[in-house]
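Chemist: what's the 3D shape of this:
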Amino acid sequence: MTFPTDNDNWAIEIGDMIIQKRACGGMASLSPWEKLVYCLWVADYGMRNAGDLETAAEVYADFHSEARRVAAELCLRRAQEAFSLDPADLAHEYFDRFESICDEVKHAAPSGEFNWP
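Modeler: Reported below is the predicted structural model:
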């Protein structure tokens, strides 16, 4: 049995806040960092609930390319490398990369926003 990590909880809780913001104002209302977190949440949702990224693409078709673009814009190497992989390769490596991607994205959060212990 696998127990949730701090990053699992972070992705769900921060993702939920960003989903609510997106629901009110659309994708255009999100900052680049928030867009990346949303894309990460979408990927995580697909992988944890269906075991694939096809399900993630049903939630947000552009999650993969958007995550790659925004990670490059924010100079987040680990996230950019992961989302530069072919979707099948990313799905295969997703859980091995998840913790380091989350750590990198968390540390890139705009100061004063989305603080997490």
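Chemist: Mind telling me what element the residue most central in space within the chain is part of?
Modeler: Nearest to the geometric centre of the chain sits residue 40, at 1.2 Å (Cα atoms, centre = their mean). In this assignment (DSSP states H and E), residue 40 forms part of helix 32-49.
Chemist: Next secondary structure after that helix?
Modeler: Downstream of helix 32-49, the next assigned helix or strand under DSSP H and E is helix 54-59.
Chemist: and the next helix or strand along the chain from that following helix, how far out from the chain's middle?
Modeler: Proceeding N to C from helix 54-59, the next assigned helix or strand is helix 63-73, under DSSP H and E. From the chain centre to the centre of helix 63-73 is a distance of 10 Å (Cα atoms, centre = their mean, to the nearest Å).
Chemist: Report the angle between helix 63-73 and helix 32-49.
Modeler: Orientation check (axes from the mean of the first three to the mean of the last three Cα atoms, to 10 degrees): helix 63-73 against helix 32-49 gives 140 degrees.
Chemist: tell me which residues in helix 63-73 are buried?
Modeler: Across helix 63-73, burial judged by 16 or more other Cβ atoms under 10 Å covers 63, 64, 66, 67, 68, 69, 70, 71. In this view, the C-beta of every residue, glycine as well, is placed from N, C-alpha and C.
Chemist: Give me the contact list for it.
Modeler: Contacts with helix 63-73, where a contact means Cβ atoms under 8 Å, 6 or more residues apart in numbering, come from 32-33, 35-36, 38-40, 42-43, 53, 56-57, 60, 79-80, 82-84, 87, 90.
Chemist: Mind picking out the helix or strand in this protein with the poorest mean pLDDT?
Modeler: For the chain, using mean pLDDT, DSSP states H and E, the weakest element among its helices and strands is helix 6-25, scoring a mean of 94.
Chemist: Cool, thanks, signing off.
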